[in-house]
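[1] coords please:
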Amino acid sequence: LPIPFTEEAVHHVASRIKRVQELLEQKMALENVSYYAAPGQEMSESDFFNAVVAEADCDVLLDINNIYVNSVNHGYDAEAFLRTMPAKRIAYAHIAGHYVEAENFLVDTHGAEVIDPVWKLLGKAYELFGVFPTLLERDFNIPAFDELIREVETINTIQNAWRNHHAQQSA
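    Okay, the predicted model is just below:
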(Lines give C-alpha, C1' and ligand atoms only; values in the text may rest on other atoms or scores of the structure.)
Protein backbone atom coordinates (compact mmCIF):
# COMPACT_ATOMS: atom_id res chain seq x y z
CA LEU A 1 0.00 0.00 0.00
CA PRO A 2 1.19 3.55 -0.61
CA ILE A 3 2.62 5.51 2.29
CA PRO A 4 0.46 8.52 3.11
CA PHE A 5 2.24 11.87 3.03
CA THR A 6 1.58 12.67 6.69
CA GLU A 7 3.62 13.80 9.68
CA GLU A 8 2.97 10.44 11.37
CA ALA A 9 4.33 8.60 8.31
CA VAL A 10 7.42 10.85 8.30
CA HIS A 11 8.26 9.71 11.84
CA HIS A 12 7.43 6.07 11.03
CA VAL A 13 9.67 5.91 7.94
CA ALA A 14 12.49 8.01 9.43
CA SER A 15 12.69 5.88 12.57
CA ARG A 16 13.13 2.74 10.47
CA ILE A 17 15.80 4.36 8.31
CA LYS A 18 17.67 5.49 11.44
CA ARG A 19 17.49 1.95 12.83
CA VAL A 20 18.92 0.44 9.63
CA GLN A 21 21.69 3.05 9.57
CA GLU A 22 22.55 2.21 13.19
CA LEU A 23 22.73 -1.49 12.33
CA LEU A 24 24.85 -0.85 9.23
CA GLU A 25 26.91 1.81 11.00
CA GLN A 26 26.68 4.00 7.91
CA LYS A 27 24.26 6.28 6.11
CA MET A 28 21.97 4.90 3.49
CA ALA A 29 20.48 6.73 0.51
CA LEU A 30 16.71 7.10 0.31
CA GLU A 31 15.19 7.09 -3.17
CA ASN A 32 12.36 9.34 -4.25
CA VAL A 33 9.91 6.72 -5.48
CA SER A 34 7.25 6.66 -8.13
CA TYR A 35 3.75 6.37 -6.71
CA TYR A 36 0.31 6.09 -8.22
CA ALA A 37 -1.98 7.09 -5.35
CA ALA A 38 -1.61 9.33 -2.30
CA PRO A 39 -4.41 8.50 0.14
CA GLY A 40 -4.65 10.69 3.22
CA GLN A 41 -2.16 13.19 1.80
CA GLU A 42 -1.50 16.01 4.29
CA MET A 43 1.70 17.36 2.73
CA SER A 44 3.28 17.51 -0.69
CA GLU A 45 5.51 14.74 -2.00
CA SER A 46 8.60 16.96 -1.78
CA ASP A 47 7.77 18.15 1.75
CA PHE A 48 7.26 14.54 2.83
CA PHE A 49 10.47 13.30 1.20
CA ASN A 50 12.57 16.15 2.58
CA ALA A 51 11.11 15.73 6.07
CA VAL A 52 11.99 12.01 6.08
CA VAL A 53 15.52 12.69 4.80
CA ALA A 54 16.10 15.41 7.40
CA GLU A 55 14.71 13.43 10.32
CA ALA A 56 16.50 10.22 9.33
CA ASP A 57 19.71 12.13 8.54
CA CYS A 58 20.23 10.00 5.44
CA ASP A 59 21.51 10.60 1.93
CA VAL A 60 19.44 10.80 -1.25
CA LEU A 61 19.32 8.51 -4.26
CA LEU A 62 17.83 10.90 -6.80
CA ASP A 63 15.68 9.01 -9.28
CA ILE A 64 15.26 11.34 -12.25
CA ASN A 65 12.72 9.17 -14.08
CA ASN A 66 10.56 8.91 -10.94
CA ILE A 67 10.39 12.70 -10.77
CA TYR A 68 9.28 12.83 -14.39
CA VAL A 69 6.75 9.98 -14.03
CA ASN A 70 5.24 11.51 -10.88
CA SER A 71 5.11 14.97 -12.47
CA VAL A 72 3.01 13.61 -15.34
CA ASN A 73 0.83 11.37 -13.18
CA HIS A 74 0.18 13.96 -10.46
CA GLY A 75 0.25 17.12 -12.55
CA TYR A 76 3.21 19.09 -11.19
CA ASP A 77 6.31 20.72 -12.65
CA ALA A 78 9.24 18.26 -12.64
CA GLU A 79 11.90 20.97 -12.56
CA ALA A 80 10.21 22.74 -9.64
CA PHE A 81 10.18 19.43 -7.73
CA LEU A 82 13.84 18.82 -8.59
CA ARG A 83 14.76 22.22 -7.15
CA THR A 84 13.36 21.15 -3.76
CA MET A 85 15.80 18.25 -3.39
CA PRO A 86 18.43 18.60 -0.65
CA ALA A 87 21.55 19.18 -2.77
CA LYS A 88 24.15 18.34 -0.12
CA ARG A 89 22.57 14.95 0.52
CA ILE A 90 22.51 13.65 -3.08
CA ALA A 91 24.79 10.61 -3.21
CA TYR A 92 23.95 9.41 -6.71
CA ALA A 93 21.13 9.13 -9.23
CA HIS A 94 19.15 6.68 -11.30
CA ILE A 95 17.84 7.31 -14.78
CA ALA A 96 15.50 4.99 -16.63
CA GLY A 97 12.69 4.65 -19.10
CA HIS A 98 9.01 4.10 -18.45
CA TYR A 99 5.83 2.77 -20.05
CA VAL A 100 3.22 5.17 -21.40
CA GLU A 101 -0.17 3.77 -20.36
CA ALA A 102 -1.98 6.98 -21.36
CA GLU A 103 -1.07 10.60 -22.08
CA ASN A 104 -1.37 11.45 -18.39
CA PHE A 105 -0.43 8.08 -16.88
CA LEU A 106 3.10 6.70 -16.95
CA VAL A 107 4.38 3.53 -15.28
CA ASP A 108 7.96 3.39 -13.97
CA THR A 109 9.09 0.11 -15.53
CA HIS A 110 12.82 0.46 -16.24
CA GLY A 111 11.94 -1.40 -19.42
CA ALA A 112 12.27 1.29 -22.06
CA GLU A 113 14.75 3.75 -23.49
CA VAL A 114 15.22 7.02 -21.60
CA ILE A 115 13.21 9.79 -23.29
CA ASP A 116 14.33 13.32 -24.06
CA PRO A 117 12.46 15.12 -21.23
CA VAL A 118 14.12 12.78 -18.71
CA TRP A 119 17.57 13.41 -20.24
CA LYS A 120 16.89 17.17 -19.99
CA LEU A 121 15.85 16.79 -16.36
CA LEU A 122 19.13 14.96 -15.68
CA GLY A 123 21.02 17.87 -17.22
CA LYS A 124 19.05 20.29 -15.04
CA ALA A 125 19.98 18.21 -11.97
CA TYR A 126 23.69 18.51 -12.85
CA GLU A 127 23.23 22.23 -13.47
CA LEU A 128 21.58 22.72 -10.06
CA PHE A 129 23.61 20.32 -7.92
CA GLY A 130 26.82 19.53 -9.79
CA VAL A 131 27.70 16.21 -11.39
CA PHE A 132 27.16 13.05 -9.34
CA PRO A 133 27.37 9.33 -10.14
CA THR A 134 24.42 8.20 -12.25
CA LEU A 135 23.22 4.66 -12.92
CA LEU A 136 21.22 3.60 -15.97
CA GLU A 137 18.45 1.26 -14.82
CA ARG A 138 17.16 -1.37 -17.23
CA ASP A 139 15.34 -4.28 -15.60
CA PHE A 140 13.66 -5.96 -18.57
CA ASN A 141 13.23 -5.54 -22.33
CA ILE A 142 17.02 -5.47 -22.34
CA PRO A 143 18.14 -4.11 -25.72
CA ALA A 144 21.28 -4.94 -27.62
CA PHE A 145 24.48 -4.10 -25.78
CA ASP A 146 25.21 -1.27 -28.23
CA GLU A 147 21.95 0.46 -27.28
CA LEU A 148 22.76 0.25 -23.58
CA ILE A 149 26.23 1.65 -24.22
CA ARG A 150 24.68 4.51 -26.21
CA GLU A 151 22.50 5.45 -23.21
CA VAL A 152 25.48 5.22 -20.84
CA GLU A 153 27.45 7.42 -23.25
CA THR A 154 24.59 9.93 -23.16
CA ILE A 155 24.95 10.08 -19.37
CA ASN A 156 28.70 10.66 -19.80
CA THR A 157 28.13 13.36 -22.43
CA ILE A 158 25.69 15.26 -20.20
CA GLN A 159 28.02 14.89 -17.20
CA ASN A 160 31.03 16.15 -19.16
CA ALA A 161 29.09 19.14 -20.49
CA TRP A 162 28.17 20.17 -16.94
CA ARG A 163 31.65 19.43 -15.57
CA ASN A 164 33.09 21.74 -18.23
CA HIS A 165 30.42 24.35 -17.55
CA HIS A 166 31.10 24.32 -13.79
CA ALA A 167 34.88 24.42 -14.40
CA GLN A 168 34.54 27.47 -16.65
CA GLN A 169 32.38 29.24 -14.06
CA SER A 170 34.99 28.51 -11.35
CA ALA A 171 37.88 29.83 -13.46
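[2] what values do phi and psi take at the residue nearest to the spatial centre of the chain?
    By CA atoms, centre = their mean, the mean C-alpha position of the chain lies nearest to Asp63, the distance being 1.8 Å. When read as degrees, to the nearest 10, the backbone of Asp63 gives phi -100, psi 110.
[3] quick thing: my sequence starts at 70, can you match it?
    Noted, 70 is the first residue going forward, which turns the last one into Asp132.
[4] tell me the contacts of it?
    100-103, 162-165 (CB atoms under 8 Å, 6 or more residues apart in numbering). For the C-beta atoms, the positions are set from N, CA and C on the backbone; glycine is no exception.
[5] and with 7 Å instead?
    Residues near Asp132 by CB atoms under 7 Å, 6 or more residues apart in numbering: 100-101, 162-163.
[6] what subset of those residues is buried?
    The neighbour-count criterion (16 or more other CB atoms under 10 Å) marks 101, 162-163 among those as buried.
[7] nearest to Ala107 among those residues?
    Closest approach between the buried ones among the contacts of Asp132 and Ala107, by CB to CB: Asn101, at 13.6 Å.
[8] hey, where'd the helices end up in this protein?
    Counting by DSSP state H, one finds helices in the chain at the ranges 76-93, 114-125, 133-143, 147-152, 185-198, 214-239.
[9] how far away is Thr203 from Ala194?
    9 Å (CB to CB, to the nearest Å).
[10] can you give me the end-to-end distance of stretch 170-188?
    Stretch 170-188 stretches 20 Å from its first residue to its last (CA to CA, to the nearest Å).
[11] would you mark the buried spots in it?
    Neighbour count says stretch 170-188 has 175, 177-181, 183, 187-188 buried, by 16+ other CB under 10 Å.
[12] now, which of those residues lie within strands?
    Judged by DSSP state E, the buried residues of stretch 170-188 include Leu175 as members of strands.
[13] I'm done for today, thanks for sticking with me.
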